[in-house]
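>>> Sequence unavailable; structure follows:
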């Protein structure tokens, strides 16, 4: 089984490759995400390459092998299931679970993860709306819309967030834009692309373009 650090690298590479499909992931981007030195990243990439978990060519970036992708998705699966557990069963808020789940995702017990999934009722998404990979590594990609792409008269239900930082989630709580909230776009300000919206059919508020680029709706 991969080490704690190796799992973090595989997960980071997977997420970066998802953000920029079709492109190999650069050493500098990995170092930036993991907040470490590029030289340390190079050493780890070489080690992961020797284990058959990624394809690495110096100065050209990396891509995961099928086995590396499987292990990355397994780590993500554990992380998101633990987040569901922390929110649904232990009463954590959605802005409090990420760091705790970062520790719990490295528990190496397939039976525990299966039992956890069953105990939670086989959830499809985590508390932030991200899809939970199956044990076989399949991951559903819902066709949600960014709020930034909506125009006046459009409406939908908030189903996911792109930014999962505690400060952003706390802001959403403050303005009532948690998962499940209904929003309707009333106006789009041409100056800065901020949006005037109605939340849950009764509260009108103004959200910035940055906020709208980090919220997904369906419907």
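It's in. On a predicted model such as this, the values are computed, not experimentally measured, just so you know. Numbers count the residues shown, from 1 in each chain.
>>> the domain parsing of the chain - what is it?
4-64, 145-218 (automatic domain parsing).
>>> and the next element down the chain from the lowest-mean-pLDDT helix or strand in the chain?
Counting by mean pLDDT, DSSP states H and E, the chain has its least confident helix or strand at strand 54-57, which shows a mean of 88. Tracing the chain past strand 54-57, the next element assigned as helix or strand by DSSP states H and E is strand 61-64.
>>> longest helix in the chain, by residue count?
Criterion DSSP state H: the longest helix present in the chain is helix 66-88.
>>> buried ones in that helix?
Using 16 or more other Cβ atoms under 10 Å as the test for burial, helix 66-88 gives 68-87. Quick note: C-beta positions are derived from backbone N, CA and C, even for glycine.
>>> Which strands or helices does the least confident helix or strand of the chain pack on?
Packing partners of strand 54-57 (3 or more Cβ pairs under 8 Å, 6 or more residues apart in numbering; DSSP states H and E): helix 38-50, strand 61-64.
>>> Which elements pack onto the first one?
Taking 3+ Cβ pairs under 8 Å, 6+ apart as contact, the helices and strands that helix 38-50 lies on are helix 4-19, helix 27-34, strand 54-57.
>>> same deal with the last one?
Using 3+ Cβ pairs under 8 Å, 6+ apart as the contact criterion, the elements in contact with strand 61-64 are helix 4-19, helix 27-34, strand 54-57.
>>> do that again at 7 Å, thanks
Applying 3 or more Cβ pairs under 7 Å, 6 or more residues apart in numbering; DSSP states H and E, one finds that strand 61-64 contacts helix 4-19, strand 54-57.
>>> how about these, which one is nearest residue 202?
helix 4-19 (35.7 Å; Cβ to Cβ).
>>> And that closest one, what does it pack against?
helix 27-34, helix 38-50, strand 61-64, helix 66-88.
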